[in-house]
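[1] fold the following and give me the result.
(4 chains, ligands or ions: 2)
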Amino acid sequence: MEGVYIAGVGMTAFGKHPDRSAADLAAEAILGALDDAGVGTMDIEAAWVGHVYQGMAMGQRALGAAGLSGLPITNVENACSSGSTAIFEAATALRAGAYDMVLAVGVEHLSTKFRGALQPDESDIEAQIGLTMPSVYAMRARRHFEQYGTTPRQLAAIAAKNKFNASLNPLAQFKKPISVDEVLAGPLIAEPLHRDECAPVSDGAAAVVLVSEKKRRQLGQARTVRLVASALRSGRMEVGLVDMTREDLTWRTALAAYEQAGLGPEDIQMAEVHDCFSIAETTRIEGLHLFPFGEYPKAVERGEASLGGRLPVNTSGGLLGKGHPLGATGVAQVIEIVKQLRGEAGDRQVQGLKVGLAHCRGGKARGVEGTACTVNILTL
Amino acid sequence: MEGVYIAGVGMTAFGKHPDRSAADLAAEAILGALDDAGVGTMDIEAAWVGHVYQGMAMGQRALGAAGLSGLPITNVENACSSGSTAIFEAATALRAGAYDMVLAVGVEHLSTKFRGALQPDESDIEAQIGLTMPSVYAMRARRHFEQYGTTPRQLAAIAAKNKFNASLNPLAQFKKPISVDEVLAGPLIAEPLHRDECAPVSDGAAAVVLVSEKKRRQLGQARTVRLVASALRSGRMEVGLVDMTREDLTWRTALAAYEQAGLGPEDIQMAEVHDCFSIAETTRIEGLHLFPFGEYPKAVERGEASLGGRLPVNTSGGLLGKGHPLGATGVAQVIEIVKQLRGEAGDRQVQGLKVGLAHCRGGKARGVEGTACTVNILTL
Amino acid sequence: MSEMKSAPEVHGPDVFEYEGGRLCLVGSSCPQCGAAFYPPQAVCARCGHRGGDKLLLGPEGTVYTWSRVHRSTPEFKPPYVLVYVDFPQDVRVLMPLSDTAEPQIGDKVELAMEDGPRVEAGNLVPLVHARPVQK
Amino acid sequence: MSEMKSAPEVHGPDVFEYEGGRLCLVGSSCPQCGAAFYPPQAVCARCGHRGGDKLLLGPEGTVYTWSRVHRSTPEFKPPYVLVYVDFPQDVRVLMPLSDTAEPQIGDKVELAMEDGPRVEAGNLVPLVHARPVQK
Ligand SMILES: [Zn+2]
Ligand SMILES: [Zn+2]
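    Ligands and ions are numbered 1, 2, ... in the order given. Next comes the predicted model:
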């Protein structure tokens, strides 16, 4: 993919923000991204805003609160991939030569909109008989146990790793590390998944300024990071009895992204992946072909996905540790890669980094493994 | 704008569909558009789906019901301009060279999601003190009366014109013409607007197949229509005491579209505009500079906007006559222009047509005239 | 006032002040370009400047346009009259009118706290209204 | 069955039939490519063919995976056990298990109409369940 760059990033702390509106959170993230890019509100030519539950015209309200109005604004929704879909659409418009500087924003005030376990849309036949998102992943975990000998302890180690990483991230919802034994001692949500293996309910917003090659040269900014691939796919209607431990959706999206970037799994040095559940990190990483099928949980136990390991995964804390304000998640993942590539990740800095990958996917409907998936690859 | 074409169109009847789901309606429109283009489900490379109130992953459910899955799908929301925003995003992606054949879909099952008058989002300060969409337009109408001597009878003539046009459209919600006196004898919703001057609650779906120049040549289809402009803008935060009869948002969007097309208001031979209310058709048409400010209601009384008049407006019946399933509206407007350009509009055919314009806008928030506006211009 | 919070939700107790014994709404003006806003804006929509100065709107204004609303949502009790009031501070604000009698464009109004048209738990909610002056 | 309506909403009375006295679910298969679906699909997701043939799923299947659910939404009464059942007709269907005892992957199950876990107006709703066979 030619000539798309991230010139600035901004995000709020993730967590519970009972006294702030979604528009207010989004404005903080947007103004932070503008400041980071060293540009003003009048420099932005168009915006895409991803969210799930925030109601009509969220993007116009968000940009308005940051003093931006009049420009083309598109609200996008793709379940948990809403924010990363905003980035995907923004990148497409830059490739079309329609603009030189645009915003992609993700926002969610989930704590005011939601209680209980997340479900597929109420019209979904599986939702109507009791399927919750934790139980979807619980059943995938059970198959991973069966096929590869994965253990509850290994999955708990993923949660513990991500909460440790979160403790190094000032914007994360969870501040305190937690041991594998503590994860396993927590209540079961859907067997075999424990509470700390499930992403929390979170509020937050994140924004990135994307620019064309021409604008990047004009800005003359050394800290600009290149978006070398941005791919979106939806779940394929399954025919036959498929292997639930293998994410066809993740792999098809990754393949498109690897092709755009001219890179392969062997080139990826760090990854932020959609760990809505401990098992989810496993099936994403294996679906991205970053570890062989069935091997990832064992590798985590050996520390290979930790900071300092051979492929650090979810250095930001991931959804499990940083929090999961649905629409904001996909944008925040890209922000973590940008900060790491710039060498600005503080105590969780990965050394010698040149290539990072952000994977975001979400949703579930009868007959498909997931609603939407994005893979963004960034390089120095 | 280079090389974007409409190769096929499909839509459901608009009206009340209590026994059908949104996905089912959308599938009918999608399959109709594929048939019209002479292509199959496997030929579609990506899709954008516009809706307002249909919940998470509407697009994936809609395409799934039509047998399409796996491709990139993006759900977009821009109030009443959601469907036309889907067309705008699809056109942008074709311009980027990302695909050669894509779908833009709009859908709404409003009758199951909504009762009472439409309002801005519940977070909006004006909605919280009693502003409804009819009262927004009622207050604009009052200013038009004050400034230009417009009369209730002239506005009622707009409603009567559109309901007559609808009576010639087999897919329209209203089947029966209605006289100006009957409009004026109806109940007042928000003074000075009567019930038949307000768009009804409707269910429906509409879809178009968009193709690149290359694909158009491959298809070798004589009926393909060219999309020469597609523009999107959001409302500008108003500063000072602006003239409420002049639509800055409509004009800025139109200006962008006219520039893309290399055309001006004088080249437009027919227009589908967002007549959510009788006064709205007036301020749109004047905002598009198709008639001088203050002149349009008088021109309607003289028959200049009727079938056979000098600029037929809302030949489909418009929102007032055809119905207004929010997400579907912007797509259905473009379909009317396509049918007219192809000479397939039956009893409501405009003769000698070469250029048509579709204008769609919607939403309202404190301090802005509207949430989003699109203008699409099509030519033979 | 350089650190402004989110906009107030309704014309409730946070958004008005008395000046010379008369009710005014609290808006903001941009110290850089002078643009005025209601509710107060944390970032200027015209020039992008961050932060605003407090600006009182009122105590009188004129009716720019109006409508008597006969059908509304369940949260409101029709009929009620809405007016857009133009303030001399160059800001236009929507509010209910004190009575449902027919106003005229250009009528002078002042601000008053009265009940309705919003209904919560069966009761009319107090809101800032426009009240006709010397009519 | 070439004109199929929208998918049924739940495993309710429209979606099963008795064959040889035993309960089966009603799915569809594509007359063009043979792909099988539940619920019935109006358009084949594999080949795009429109219309499908009726295909009964059951009367027995095997447990592909399962979970006992402890936290759910207010519409359901935990704990309950969900299973994905693989049918010999090459279709996998989610359903509740008849009891909350621990199943094993590979367990043989048959279909049965039982109450729960869905709650409406305080009552458990009848749904097609998977019931262990000869366990
Ligand atoms: Zn200013
Ligand atoms: Zn088939």
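
[2] stretch C:87-102: which residues count as buried?
    C:87, C:89, C:90, C:91, C:92, C:93, C:94, C:95, C:96, C:97, C:98 (16 or more other C-beta atoms under 10 Å in any protein chain shown). No exception for glycine: its C-beta is placed from N, CA and C like everyone else's.

[3] the residue lying closest to the last one once chain neighbours are set aside in helix, strand or coil?
    Which is residue C:98. Leaving aside its chain neighbours, residue C:98 sits nearest to residue C:131 (4.2 Å; criterion: C-beta to C-beta, 6 or more residues apart in numbering or on different chains). Residue C:131 falls in the strand class when you classify it by DSSP: H, G, I helix; E, B strand; the rest coil.

[4] shaky segments in chain C?
    C:1-14, C:135 (pLDDT under 70).

[5] identify the residue nearest the geometric centre of it.
    residue C:93 (4.4 Å; C-alpha atoms, centre = their mean).

[6] what about the helix or strand where it lies, near chain A?
    For residue C:93, the host element (DSSP states H and E) is strand C:91-96. No - using C-beta under 8 Å from any C-beta of the partner chain, strand C:91-96 never reaches chain A; the gap is at least 15.9 Å.

[7] strand partners (parallel or antiparallel) of that strand?
    strand C:80-87 (antiparallel) (DSSP bridges).

[8] number of residues surrounding the residue in the stretch 201-350 of chain A that chain D sits nearest to?
    Chain D sits closest to residue A:237 of the stretch 201-350 of chain A, with a gap of 3.3 Å, by C-beta to the nearest C-beta. Applying other C-beta atoms under 10 Å in any protein chain shown, we find 24 other residues in the vicinity of residue A:237.

[9] what sits against it?
    Applying C-beta atoms under 8 Å, 6 or more residues apart in numbering or on different chains to residue A:237 gives the contacts A:367, A:368, B:64, B:67, B:69, B:70, D:37, D:41, D:45, D:46.

[10] 7 Å - rerun?
    Residue A:237 sits next to A:367, A:368, B:64, B:69, D:45 when contact means C-beta atoms under 7 Å, 6 or more residues apart in numbering or on different chains.

[11] one more: residue A:234?
    Counting by C-beta under 7 Å, 6+ apart, residue A:234 has contacts A:371, A:372, B:60, B:69, B:70, B:71, B:72, B:73.

[12] also near chain D: which of these, exactly?
    With the criterion set as C-beta under 7 Å from any C-beta of the partner chain, the members of the contacts of residue A:234 near chain D are residue B:69.

[13] is it possible to get JSON lines of the contacts of residue A:234 that adds pLDDT, neighbour count and secondary structure?
    Listed next are those as JSON lines, based on pLDDT from 0 to 100; neighbours: other C-beta atoms under 10 Å in any protein chain shown; DSSP: H, G, I helix; E, B strand; the rest coil:
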{"residue": "A:371", "pLDDT": "95", "neighbour count": "27", "secondary structure": "coil"}
{"residue": "A:372", "pLDDT": "98", "neighbour count": "32", "secondary structure": "strand"}
{"residue": "B:60", "pLDDT": "96", "neighbour count": "29", "secondary structure": "helix"}
{"residue": "B:69", "pLDDT": "97", "neighbour count": "21", "secondary structure": "coil"}
{"residue": "B:70", "pLDDT": "97", "neighbour count": "18", "secondary structure": "coil"}
{"residue": "B:71", "pLDDT": "98", "neighbour count": "21", "secondary structure": "coil"}
{"residue": "B:72", "pLDDT": "98", "neighbour count": "25", "secondary structure": "coil"}
{"residue": "B:73", "pLDDT": "98", "neighbour count": "29", "secondary structure": "strand"}
